[in-house]
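> please find the sequence and the predicted model below.
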Amino acid sequence: MTDFPLIFERSVPGRRGHGLPETDVPDRPLEELVPARALRTRPPSLPEVSELDVVRHYTGLSHRNFSIDEGFYPLGSCTMKYNPKLHEDAARLAGFARLHPYTPEEWAQGALRLLWELGEELRELAGMDGITFQPAAGAHGELVGLLMVRAYFASRGERRTRVIVPDSAHGTNPATAAMVGYEVVTVRSDARGNLDLAALEAVLDERTAALMLTNPNTLGLFEEQVDRIAERVHAAGAQMYLDGANFNAMVGITRPGDQGFDVMHMNLHKTFSTPHGGGGPGACAVAVKRHLEPFLPVPVVVREGDRYGLDFDRPQSVGRVRAFYGNFANLVRAYAYVRSLGADGLRAVAEHAVLHANYLRVRLAPHYEIPYDRVCKHEFVASGVRQKRRDGVTTKDIAKRLLDYGFHAPTVYFPLIVEEAIMIEPTETESLQTLDAFVEAMVAIDRECQEDPEKVRTAPHTTPVGRLDEVRAARQPNLRWRPEG
Amino acid sequence: MTDFPLIFERSVPGRRGHGLPETDVPDRPLEELVPARALRTRPPSLPEVSELDVVRHYTGLSHRNFSIDEGFYPLGSCTMKYNPKLHEDAARLAGFARLHPYTPEEWAQGALRLLWELGEELRELAGMDGITFQPAAGAHGELVGLLMVRAYFASRGERRTRVIVPDSAHGTNPATAAMVGYEVVTVRSDARGNLDLAALEAVLDERTAALMLTNPNTLGLFEEQVDRIAERVHAAGAQMYLDGANFNAMVGITRPGDQGFDVMHMNLHKTFSTPHGGGGPGACAVAVKRHLEPFLPVPVVVREGDRYGLDFDRPQSVGRVRAFYGNFANLVRAYAYVRSLGADGLRAVAEHAVLHANYLRVRLAPHYEIPYDRVCKHEFVASGVRQKRRDGVTTKDIAKRLLDYGFHAPTVYFPLIVEEAIMIEPTETESLQTLDAFVEAMVAIDRECQEDPEKVRTAPHTTPVGRLDEVRAARQPNLRWRPEG
Amino acid sequence: MRYIPTTPAEREAMLRAIGVRSVDDLFADVPASVRLRRPLRLRPALSDPEVLRYLAELADRNGHADRLRCFLGAGAYDHFVPPAVWQLAGRGEFLTAYTPYQAELMQGELQAAYEYQTMVCELLGMEVANASMYDGASALGEAAVMARDLTGRDRVVVSQAVHPEYRQVLRTYTEPLGVRVAELRPEDGLTPPAAGAVDGRTAAVVVQHPNFFGCLEDVRGWAEIAHRAGALLVVACADPLAFGLLAPPGELGADIVAAEGQPLGNPLNFGGPFLGIIATREAFVRRMPGRLVGATVDRHGRRGFVLTLQTREQHIRRERATSNICTNEALNALAAAVYLSLLGPEGVRRVAELCVRKAAYLKSRLAELPGFRVAFHAPTFHEFVVRTPRPAAAVVRGMAREGFLAGLPLGRFYRGMGDALLVCVTEVRTRDDMDEFVEALNRVAAPRPRRVGGRRR
Amino acid sequence: MRYIPTTPAEREAMLRAIGVRSVDDLFADVPASVRLRRPLRLRPALSDPEVLRYLAELADRNGHADRLRCFLGAGAYDHFVPPAVWQLAGRGEFLTAYTPYQAELMQGELQAAYEYQTMVCELLGMEVANASMYDGASALGEAAVMARDLTGRDRVVVSQAVHPEYRQVLRTYTEPLGVRVAELRPEDGLTPPAAGAVDGRTAAVVVQHPNFFGCLEDVRGWAEIAHRAGALLVVACADPLAFGLLAPPGELGADIVAAEGQPLGNPLNFGGPFLGIIATREAFVRRMPGRLVGATVDRHGRRGFVLTLQTREQHIRRERATSNICTNEALNALAAAVYLSLLGPEGVRRVAELCVRKAAYLKSRLAELPGFRVAFHAPTFHEFVVRTPRPAAAVVRGMAREGFLAGLPLGRFYRGMGDALLVCVTEVRTRDDMDEFVEALNRVAAPRPRRVGGRRR
Ligand SMILES: Cc1ncc(COP(=O)(O)O)c(C=O)c1O
Ligand SMILES: Cc1ncc(COP(=O)(O)O)c(C=O)c1O
């Protein structure tokens, strides 16, 4: 079998794929308009292909991908739920997709109203007072959140230098803290998978700006002492930051604002079902308690009567983390989602996400190690240690073998505190039949680990390419195609 | 490997895939509105599936298909050219897609104008005077055409009972003639692949209503004596009908009206690039000379100044062959196509369609029999006789084996006058590289026929299912799934 | 050239390979006398953005159903189409495929068609359905021809409460074959079963259910009469969603059903493409027109699907084929299958019930509106006829200015019905829509003082 | 429940399998004190048609670029997006996939990203580009941090002719890290290279090219000055299509380019999602933020693609990562790749040339319009600043009523520029559009007799 060609390998000099217009203004020598030395001398080596070539190329590439639309994607921490098709039509309405961000406010009332209403809904869900949609994704939201924490303390003349992060935290948490200039202090988890309260107390002091907590945490476990944690953190004068990546487990059941969080982000591409696009774009909301509102990025969407506007006049604002107002097209999708589900529907989301995860947990427990085997929330973490020790098969091998069974693999090797971690999040939109089929595949692989471990170690076998050499990719980076000669 | 499930096999009682509203009008007992005996007692056994189930099912089915968007489709007589993506956006504009056919004319001016303008363009291309877009496809257009011929003769008090059809004609030609009550007289082709003029003359008489000719004919050859044929037919008082399925070979080069045809249909899903949709919908125009205009189906699109309207008051009309005005969404596509190409672009279509076909013909000639080996038009007919005699491999086997090479097969066993016919139409939108790859595959298969004929006879090997048992399908018809019990 | 990949260099290379000097040489077989010796007189070619802009301008001049609230039906129905339908049916793999002649490569389309055939059978209560016809009207034409062939008789009796355009098509399809069509006058919006209408030469009785006026016909009654005379009962239907709630024609004794599938997930499209449905008894399958997909097995015993019973068709049987149909409306059938999968039994029932309930609400509101009168007494599905105080065509024009597609003025099709308006209410119309519709009607059409004397009835 | 497939019976079965009695039992770990004890106070749930209808209503209240002819740019550009771009990029297989962690299953996304990286390098004349950042502004913020890390210095010099919002983001990203940002005042719309602005503590000089006023900066001059001082030159760019015609930043000496990729086939979307581009020298790749896709081979030696150099990233390096970015704008990058494939070298040059020519035409027309004055003398790409006889904000409001998005009033960002309007002309604007724009401007903003005295300059 030959390699699937690169688009550059389909190129033929002089071939064209566009139907662009010719000029319709009086011809003037180009040099009158642009000085010769500012001009490009060599054209870029872009492919020269027909529109049909392009259609076949990208249709072909799409057939070498895997998506929610094709099958089960139990990627823990990523909330790969169904992305309703209605949202696509909504986001592509010309009134949204073709709206320029600098359209005068009086001509953008529909868009601003949507932002306002989405803000109201999400503030209620979060139990928070203020909101911004500016960040483009979760990590970007963390940045906004910690910048606000920093600005808050600055406004009070306090200089706090440290952010506490549990050892189970997602990598973006410490990375964000570092980006905002904080020193990162890591706190361990306890035997039940909760943040170790004593360990926390040991490091909490007047240098602590914030605790960044994920709840349910990345083990899929609810922080059972979240109320006490908040109490301690606040007692130390610090702020509670919620990494809301796992909000899917608690919508309508418990609100972060009520748990004691001062600021949180919501990954709208997780709980609120905007599609992941093969790595993005996402969308994010950061919601805050009253005392942090002055620090929200500019602009903030405001309402006066039935007029909606953008408030730029916010002297204490942290400023901006991007141009314009956020990943609007995805906010349209998130709004459609919230309105389609309503209060009952959203609560049902959390209930079923948790139900499905626990079902899988219980079904897999006989076959795979489950280090923290208690009732989980929307996801749980299993481990491949048994297979590794018994059969010499790694979690990576198991993950690759799952691909042959027609499933995406769970998240593996995260959280870092679980050896050979296999983090499974089924979401509420998958059916019992799919969950059962997944269990069967996992059980079959466990059997293969014992009976034919080599088959698992050399997996995948049915994908467009076999196991790829990642070491070579990193050692001899080849990050772009180069034209010959 | 298990079978790809039927949507019914995914069904789970009580599962739902829609977001339909609840009633918002005062509740009244249903029996007040509909008598009980008119009500359904058993619900239809439609699948009970979630929206995600549906998305996965049809996405999965789409992956078990083959389309222009994926590869080369040299299906002779079908003109499988690229279907521009722009047309899809155009056809889906709400102003077209959401327009009710009974919208008052003053509120449908845009749609009517489009029809008028498309009519002008196609009449010029055809060299004809009147046009209708009512038929849904080519065969439907033939029906309209022959009905008009019949009405024309009726209006003159002539009773003609026969339609002449060449032996190379598409099956729809004789079938249509029969539907209009005509007796079909078949005339043979001569050694050069033209209609045998002498044979035609022998059957032409005052009973002849029309000659249905395809030009270029289904051998892909231009009827070199079309002018003389028209002369003879007209001399016998009969009408010249053009099956315009092969119009792609002559747009801008020669016009049917100038060739002596009185009436023709154009398959807009061929020459004018509307997508085939896996078997339809197509779209069709029937264009006629002045003397047939009174017989056009109702309504006819008319213009007065800059107002466009529908003329229903046509007492001599043949009536209707369908409700409303035609496959409008495809007419939008065809219009976009004609306007994108213009006069030069359309002429280039014919030139390149013919160039590509001749290139393939010459390249394949060393390996496959080409019964009429002269300059062809947009397609040509090869034959698998050599392989059949030499290797005991049929054309069907060769066609199936091509599937393994990633190509759709050509049209096979048509036209009927060529033994083991392999009818190849590359179209103008395929690249030289694709044509060369196809030649390579055909050459490789010829080699396989000699070296490993069993491999060809049992092909295809790489498709989702292997060679299917068509005899069983016809002998024990299973035309629908049935719920168990 | 747009959409032609061949570069000048490649063109030369191909000409060389062919052994000719120019492209003109490839057209040497076209007699000089028939060549076009001047450039085509076409509108100038446009760039992509220009084409789109011009088409958007044309589209914008139309009073489509997102601009005018649609109470217009009469054979084309504004049902809600879930966005998933066309996002799936419109996928390139389906959209740009041809008829599945190479079955092994086209299992997607074939399986979908098999499932579609099943769903249609289930909805209509019939034994077999084909893979699609052009539209409801032409399906009715073919059904009548089929009845003639099955019975060997040459008379067809059709109710005038069948869609007028369907009746026109019926005549076009049957009269060239020597079939005589007789029409039955409806009474109070219905076609009461009349044994006298049928005799030993009758091939088929054709009624529409629900009929063109929205009324529910006595299909069972007609089935008895037809069958007693050895004729077939052909039931036409413009909106099969009715059978989400109503007893399906198969249960009422229909021998052939000819229906319009547009309401099943297909857009209004100014009338096309629509989706012709034809369904019948198993015993009649070899006289059916159109494509049929059947299940079979491959050489390894796996399930697969093929086009089958092709000896009925034109490409095999030529002048003895059951029909000339070739290209059909496969993609619209696929969309219908997606639609019916999304809705399921509960969804089709819900839509049908919403239609009935909402139409009943509007009917009762209009019954109270001064100057208006509900024309017929029979129960209706989602359409009904109302008599208007001013000519219905004028009412419709006035209502368009108020933002409504008010319905179809029946004067166009029926003498003496210049004041009759056929109104349709589907599940997408809200109560607010209807209340505003009534208010607007009152403004537009209410008997005005100066006219009252002459116009009130 | 919408989008939840689990039926009540299945729910019970699962609860039984888990060994709990009710779903509530699964939430026993949530402390009572933090539970929500009342129903959520949300707007009522809507059915699908209601949601769509409401959203269509909201969309309809916006003056989008199909309604108002768009002469507005300033960081978001109304270029023609060929319909193929999103029909391909929007395919479910791309749209609903996650980041390609399982490379073997995700070669489509990965290969597309690899090709995208190549195309970006080619267009910008750079050696490496990553797989995407959030947008141009945040890419600039990251670029500055990268320069700081690469140089170990803590000052950044930025021209005020860089997009004001990009500058704001630059500060947000750098100041918490102790970087000091100094701004350079432009002269006559340009940032003339000034050696004095840079010293041994300067990590980076940041200029935008073409700059926020549309003018072409002397990038080469700045490169020399920066490099002489051991600093890096960071070039920001709001529309990389400029480099279809203009010498790319890589050739002008840029060390890092931070660009906005929205103009490459992405919709305006009220400002997002857009597409952050970051490109640099090969030597700096290990300090780059974001995903990088590299080519490698599989165990059979076939070519394949993987995410690579991940030790730069947060999930491996945590607080020592080059950035915290995780989810990015992969789909927008894919759309950009499709767009650039369709256009090819000839197409990007054509677009750029049309932009230059058309903008020049409008500039010359406005130069002649009484009361208007082109603000700066430098050559421009597709934007330029014009001084208006009335406050620019009022002009814009008036022009909206005439059907135009007239541009961005600069008073919002620059003191003393209340009468300055930033106008953009892309290839989609026709000569008629521009002529009508000039006429409308004349109506809306021409100096009126009663005001002339005070306002003319
Ligand atoms: C727990 C957690 N935190 C943070 C993030 C980062 O979110 P994003 O990818 O939207 O930047 C993720 C996403 O993978 C996550 O799972
Ligand atoms: C030569 C010829 N005539 C007639 C037809 C029938 O056209 P349609 O399929 O559009 O009804 C075809 C299409 O296959 C054809 O190739």
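Good, I have the coordinates. Numbering: from 1, shown residues only, chains lettered A, B, ... in the order given. Ligands and ions are numbered 1, 2, ... in the order given.

> ok, residue C:446 touching residue C:371?
Yes. Shown here, residue C:446 and residue C:371 form a contact pair, counting by CB atoms under 8 Å, at 5.7 Å. The way it works is simple: take the backbone N, C-alpha and C, and place the C-beta from them, glycine included.

> got a list of what the residue in the stretch 101-250 of chain A positioned nearest to chain B touches?
Distance from chain B to each residue of the stretch 101-250 of chain A (CB to the nearest CB) is smallest for residue A:248, at 15.8 Å. Taking CB atoms under 8 Å, 6 or more residues apart in numbering or on different chains as the criterion, residue A:248 is in contact with A:79, A:81, A:270-271, A:349-350, A:353, A:378, A:427-428.

> of these, which belong to helices?
A:349-350, A:353 (DSSP state H).

> and chain D, which of these contact it?
residue A:349 (CB under 8 Å from any CB of the partner chain).

> now the ones in helices among the contacts of residue A:248 in CSV, with neighbour count and pLDDT?
Below are the ones in helices among the contacts of residue A:248 laid out as CSV (neighbours: other CB atoms under 10 Å in any protein chain shown; pLDDT from 0 to 100):
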residue, neighbour count, pLDDT
A:349, 31, 98
A:350, 24, 98
A:353, 28, 98
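
> pick the one among the ones in helices among the contacts of residue A:248 closest to chain C.
Taking the ones in helices among the contacts of residue A:248 together and measuring to chain C by CB to the nearest CB, the closest member is residue A:349, at 19.4 Å.

> any idea how far residue A:355 is from that closest one?
Remark: distance between residue A:349 and residue A:355 (CB to CB, to the nearest Å) = 11 Å.

> quick one: common contacting residues for these two?
Contact criterion CB under 8 Å, 6+ apart; residues shared by residue A:349 and residue A:355: residue A:428.

> where does the residue of the stretch 101-250 of chain A closest to chain B sit: helix, strand or coil?
At residue A:248 the chain is in helix, as set by DSSP: H, G, I helix; E, B strand; the rest coil.

> how far away is it from residue A:183?
31 Å.

> now swap in residue C:120 and tell me
Taken as CB to CB, the span from residue C:120 to residue A:183 is 69 Å.

> what do you get for residue C:431?
According to CB to CB, residue C:431 stands 62 Å off from residue A:183.

> which of residue C:120 and residue A:183 has more neighbours?
residue C:120 (30 against 13; other CB atoms under 10 Å in any protein chain shown).

> next, the distance between the ends of stretch C:245-254.
Terminal residues of stretch C:245-254 lie 17 Å apart, using CA to CA, to the nearest Å.

> and what of stretch C:80-96?
25 Å.

> please apply the same query to stretch A:260-275.
30 Å.

> can you give me the mean pLDDT across that stretch?
On average, the pLDDT along stretch A:260-275 is 98.

> right, is it up against chain D?
Yes. Residues of stretch A:260-275 contacting chain D under CB under 8 Å from any CB: A:260, A:267, A:269, A:273, A:275.

> for the nearest residue to the third one once chain neighbours are set aside, what are its contacts?
Take residue A:269 and drop its neighbours on the chain: the residue closest to it by CB to CB, 6 or more residues apart in numbering or on different chains is residue A:282, 3.7 Å away. The neighbours of residue A:282, taking CB under 8 Å, 6+ apart as the test, are A:136-138, A:267-269, A:274, A:276, A:327, A:330, D:327.

> helix, strand or coil for residue A:241?
strand.

> state the phi and psi torsions of residue 28.
Looking at chain A here, since you left the chain open. phi -130, psi 150 (degrees, to the nearest 10).

> return the distance of it relative to ligand 2.
50 Å (CB to the nearest ligand atom, to the nearest Å).

> ok, now which ones touch that residue?
Residues counted as contacts of residue A:28 (CB under 8 Å, 6+ apart) are D:357, D:360.

> pLDDT score for it?
93.

> tell me which of the contacts of residue A:282 fall in strands.
residue A:267 (DSSP state E).

> how about the contacts of residue A:282 in JSON lines, adding distance to ligand 1 and neighbour count?
Compiled in JSON lines, these are given as follows (distance: CB to the nearest ligand atom, whole Å; neighbours: other CB atoms under 10 Å in any protein chain shown):
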{"residue": "A:136", "distance to ligand 1": "8", "neighbour count": "30"}
{"residue": "A:137", "distance to ligand 1": "4", "neighbour count": "29"}
{"residue": "A:138", "distance to ligand 1": "2", "neighbour count": "28"}
{"residue": "A:267", "distance to ligand 1": "5", "neighbour count": "29"}
{"residue": "A:268", "distance to ligand 1": "9", "neighbour count": "31"}
{"residue": "A:269", "distance to ligand 1": "6", "neighbour count": "29"}
{"residue": "A:274", "distance to ligand 1": "11", "neighbour count": "27"}
{"residue": "A:276", "distance to ligand 1": "9", "neighbour count": "28"}
{"residue": "A:327", "distance to ligand 1": "11", "neighbour count": "35"}
{"residue": "A:330", "distance to ligand 1": "11", "neighbour count": "29"}
{"residue": "D:327", "distance to ligand 1": "3", "neighbour count": "28"}
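
> so which of the contacts of residue A:282 would count as near ligand 2 as well?
Here nothing survives when the contacts of residue A:282 are matched to ligand 2 using CB under 6 Å from any ligand atom.

> hmm, residue C:269 is touching residue B:328, no?
Yes. At 5.3 Å, residue C:269 counts as touching residue B:328 under the criterion of CB under 8 Å.

> and these two? Which one has more around it.
For residue C:269 and residue B:328, the more surrounded residue by other CB under 10 Å is residue C:269, and the numbers stand at 29 against 26.

> gap between the more buried one and residue C:59?
12 Å.

> who touches both of those two?
Counting by CB under 8 Å, 6+ apart, the residues touching both residue C:269 and residue C:59 are residue B:96.

> get me the contact residues on chain C for chain D.
C:48-49, C:52, C:56, C:66, C:80, C:82-83, C:87, C:91-92, C:427-428.

> reformat the residues you listed as TSV; add secondary structure, neighbour count and pLDDT.
Output for those, formatted as TSV (DSSP: H, G, I helix; E, B strand; the rest coil; neighbours: other CB atoms under 10 Å in any protein chain shown; pLDDT from 0 to 100):
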residue	secondary structure	neighbour count	pLDDT
C:48	helix	24	98
C:49	helix	20	97
C:52	helix	23	98
C:56	helix	17	97
C:66	coil	17	95
C:80	coil	24	98
C:82	coil	27	98
C:83	helix	19	98
C:87	helix	22	98
C:91	coil	26	98
C:92	helix	25	98
C:427	coil	24	98
C:428	coil	25	97
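
> could you dump these to TSV with distance to residue D:358?
Below are the residues of chain C next to chain D laid out as TSV (distance: CB to CB, whole Å):
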residue	distance to residue D:358
C:48	17
C:49	13
C:52	18
C:56	20
C:66	33
C:80	43
C:82	42
C:83	37
C:87	36
C:91	37
C:92	34
C:427	48
C:428	43
